[in-house]
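*Asks:* no FASTA, just this:
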């Protein structure tokens, strides 16, 4: 029958390869270091299959029925996707940490409307979201990319069909020309954005459209490709399959992705698909077309959907999984996928009523998407409803004595009548400067400055460093408004104000953007000459000779870099104040612990002795000791007064993410910060 799709067993087998790489990677198989290439394989396959169907429709009827196209997508994808989202929503509510439930519920909602990839891209470059756990629906990002692509591609084909009728072009030539308008800019943008913002580039649609387009080009060129000589086709197809598997082994999470490296698995997949018909039995179909491979390929969509939320929830429930435990979870996922395939996916897709008209599958699909969205909203409501807004003003550090060391008022207790912010709201209890875009991101090299306090003030204060400096903004803003100071910020994510080379995430990779940012900021400070510079940071060690070094050499390397920058400012007549890095908890996130233990807050304490030697404080103390003219401000006794650091002091939650202090508690430290600044200035003016 004209327009019918010829079944390709080798393509179904490639689906099995793709999902197999993803599962092995997520299951922790160390050999498969870049199993995420399986998603790129899926993109190419999808572009090939969908475009092949569309090109046959245009050739057969001269047009594209958008209603029929989206109806086919709806009945093929949405039932299984909606089922997994409903189950995942329930699992999130039952088993995930309270502090993450609202965020993950939002992810479920965005996944239901196929916009999750943009939400994840935004989160990946949000420094405040660095401690958000792995989303149980994170894998839906790739489905979002596909559906967004297929909102554009069929519409473009409508224009192609019109062009063919008007100008007498061949259908396939016109399609190739139209597709080039999508593929070439997308590939160029993928390479550029991956170099600049790799975290965001991984998720956004615009960096991935060329991968689907690559498969589409193969579908368009299918008649010509079928004439490739048998031996050449077989060799190319086997080479392609080998390259796909090799890319999953050779590449790793350190490989910039997507971008240039992504060409290997995608072009390799295109080779397998393009050369399969001409290669015949001499090609990889002998392997890919085997019954187990075809069975896994048919199940690949459901298997992809089910495996990830089960792995994430199991890890949240029982901790880091061993290899055998991961395999057990994957076995359960395979059973769930098979049941869903047999009982949901196939029955809906092959139901006679779903084929009689396009409007029924479209309406069912829309209802299923709304159901998934509703599940996300319900879980979000249940999560947010678990805590109440507290409007009373906490005293925080004001309950402590003038000399807070060992003050019983700061000792840990199991429960308090109320405290703010609620633990679930702690990540948002950050300086307003974040919302205003005042902090430079990891990829930025140009400083981003904001002004607070009194813009017309005659005393200019520069706040310089990373997020551990910016966390003092709520207190500094109060002081500046009262004293008519003009405060200008120069902060960058995870970037200390130092001439030393530091790392960002990988200890072996220099944070080059930080080094360049430091050069620009130091030059600007020396040119503008503010009256005061306040600085702090959280990084403990620096690199030597471009390589990671452990303590104590790494601490000394950091101190050397701090000393050089501070000395340059002091020599220029600029007052430098160093605020000690705040105590670093031994547990990952205090606020998450508080959310899980609201009536046993002592479970969320940590040792003061441990915390004082973590983070940036040791290097800061060493640099201050050998930089005359630099003032040292240490308010940590007002943050951790007793031997065990309390999570709540004076009805104020002390910590948000990591070792960052909540804006609420920082504000209560404003009088102590002002007194410390005054004491240092008095010492300076009274010196001979």
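*Replies:* Done, it's in. Please read all numbers here as calculations on a predicted model, not as lab measurements.

*Asks:* Residue 378 and residue 90 touch, don't they?
*Replies:* No. Under the criterion of CB atoms under 8 Å, residue 378 is not in contact with residue 90, lying 9.8 Å apart. Just so you know, the C-beta spots here come from the backbone N, C-alpha and C atoms, and that holds for glycine as well.

*Asks:* so what pLDDT did the nearest residue to residue 28 once chain neighbours are set aside get?
*Replies:* With sequence-adjacent residues excluded and distances taken as CB to CB, 6 or more residues apart in numbering, residue 28 is closest to residue 326, at 5.2 Å. The predicted local distance difference test score for residue 326 is 91.

*Asks:* what's the helix or strand that contains residue 326 packed up against?
*Replies:* Element membership of residue 326, judged by DSSP states H and E, is helix 323-340. The criterion is 3 or more CB pairs under 8 Å, 6 or more residues apart in numbering; DSSP states H and E, and the helices and strands that helix 323-340 contacts are helix 66-95, helix 291-318.

*Asks:* 10 Å instead, please
*Replies:* Other elements packing on helix 323-340 under the criterion 3 or more CB pairs under 10 Å, 6 or more residues apart in numbering; DSSP states H and E are helix 9-26, helix 66-95, helix 291-318.

*Asks:* Worst mean pLDDT among those?
*Replies:* Here the lowest mean pLDDT among these goes to helix 66-95, at a mean of 88.

*Asks:* so that one versus helix 323-340, what angle?
*Replies:* With axes from the mean of the first three to the mean of the last three CA atoms, to 10 degrees applied, the angle from helix 66-95 to helix 323-340 works out at 140 degrees.

*Asks:* Report the buried residues of helix 66-95.
*Replies:* In terms of neighbour count (16 or more other CB atoms under 10 Å), helix 66-95 has its buried residues at 69-89, 91-93.

*Asks:* for that helix, packing partners?
*Replies:* With contacts defined as 3+ CB pairs under 10 Å, 6+ apart, the packing partners of helix 66-95 are helix 37-61, helix 98-112, helix 140-167, helix 291-318, helix 323-340, helix 346-350, helix 353-356, helix 359-384.

*Asks:* For the most centrally placed residue in the chain, give me its contacts.
*Replies:* The geometric centre of the chain, computed from its C-alpha atoms, lies nearest to residue 124 (CA atoms, centre = their mean), at 2.8 Å. The neighbourhood of residue 124, defined by CB atoms under 10 Å, 6 or more residues apart in numbering, consists of 130, 197, 198, 199, 200, 201, 202, 203, 204.

*Asks:* Torsion angles phi and psi at the nearest residue to residue 553 once chain neighbours are set aside?
*Replies:* Taking CB to CB, 6+ apart, and ignoring the residues beside it in sequence, residue 553 has residue 544 as its nearest neighbour in space, at 6.5 Å. The phi/psi pair for residue 544 (degrees, to the nearest 10) reads phi -130, psi 130.

*Asks:* same thing with residue 440?
*Replies:* Here the main-chain torsion angles of residue 440 (degrees, to the nearest 10) amount to phi -70, psi 140.

*Asks:* Tell me, how many residues neighbour it?
*Replies:* Residue 440 has 24 neighbouring residues, counting by other CB atoms under 10 Å.

*Asks:* and this protein, what are its domains?
*Replies:* Under the assignment automatic domain parsing, the domains of the chain span 9-382, 396-686.

*Asks:* And the residue nearest to the centre of the chain, what's its pLDDT?
*Replies:* Predicted confidence (pLDDT) for residue 124: 76.

*Asks:* now swap in residue 266 and tell me
*Replies:* We have a pLDDT of 97 for residue 266.

*Asks:* show me the contacts for it.
*Replies:* With CB under 10 Å, 6+ apart, residue 266 has these contacts: 37, 40-41, 43-44, 47, 187, 210-215, 244, 247, 258.

*Asks:* one more time with 7 Å
*Replies:* With contact set as CB atoms under 7 Å, 6 or more residues apart in numbering, residue 266 has these partners: 40, 44, 211, 214.

*Asks:* CSV for the residues you listed, including distance to residue 134 and pLDDT?
*Replies:* CSV is the format used below for the contacts of residue 266 (distance: CB to CB, whole Å; pLDDT from 0 to 100):
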residue, distance to residue 134, pLDDT
40, 20, 96
44, 26, 97
211, 23, 96
214, 29, 95
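
*Asks:* Can you add neighbour count and distance to residue 583 and give the residues you listed back as JSON lines?
*Replies:* Listed next are these as JSON lines, based on neighbours: other CB atoms under 10 Å; distance: CB to CB, whole Å:
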{"residue": "40", "neighbour count": "28", "distance to residue 583": "44"}
{"residue": "44", "neighbour count": "28", "distance to residue 583": "50"}
{"residue": "211", "neighbour count": "30", "distance to residue 583": "46"}
{"residue": "214", "neighbour count": "24", "distance to residue 583": "52"}
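
*Asks:* Any chance of CSV for the residues you listed, columns distance to residue 560?
*Replies:* What follows is the contacts of residue 266, written out as CSV (distance: CB to CB, whole Å):
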residue, distance to residue 560
40, 44
44, 50
211, 46
214, 50
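
*Asks:* In those residues, find the pair that's most separated.
*Replies:* Comparing all pairs in these by CB to CB, the longest separation belongs to 40 and 214, at 9.5 Å.

*Asks:* how about the helices and strands packed on helix 323-340, which one is nearest residue 533?
*Replies:* Between residue 533 and these, the shortest separation by CB to CB is 43.1 Å, and it involves helix 291-318.

*Asks:* tell me which residues of that closest one are tucked away?
*Replies:* Applying 16+ other CB under 10 Å to helix 291-318 flags 293-294, 296-316 as buried.

*Asks:* what angle separates that helix from helix 37-61?
*Replies:* Taking the same axes, to 10 degrees, one finds helix 291-318 and helix 37-61 inclined to each other by 130 degrees.

*Asks:* Who are the packing partners of helix 291-318?
*Replies:* The criterion is 3 or more CB pairs under 7 Å, 6 or more residues apart in numbering; DSSP states H and E, and the helices and strands that helix 291-318 contacts are helix 9-26, helix 66-95, helix 323-340.

*Asks:* low-scoring pLDDT stretches of this structure, where are they?
*Replies:* Counting by pLDDT under 70, the chain contains low-confidence residues at 1-5, 62, 125-132, 164-168, 384-391, 682-688.

*Asks:* now the strands for the stretch 501-650 of the chain?
*Replies:* With strands called from DSSP state E, counting those that start in this stretch, the stretch 501-650 of the chain shows them at 532-536, 575-579, 606-607, 630-633, 644-645, 648-649.

*Asks:* can you list contacts of the second one?
*Replies:* Right, strand 575-579. 472, 531-536, 566, 569-570, 620, 624, 630-633, 677, 680.

*Asks:* neighbouring strands for that strand, and are they parallel or not?
*Replies:* Strand partners for strand 575-579, identified by DSSP bridges, are recorded as strand 532-536 (parallel), strand 630-633 (parallel).
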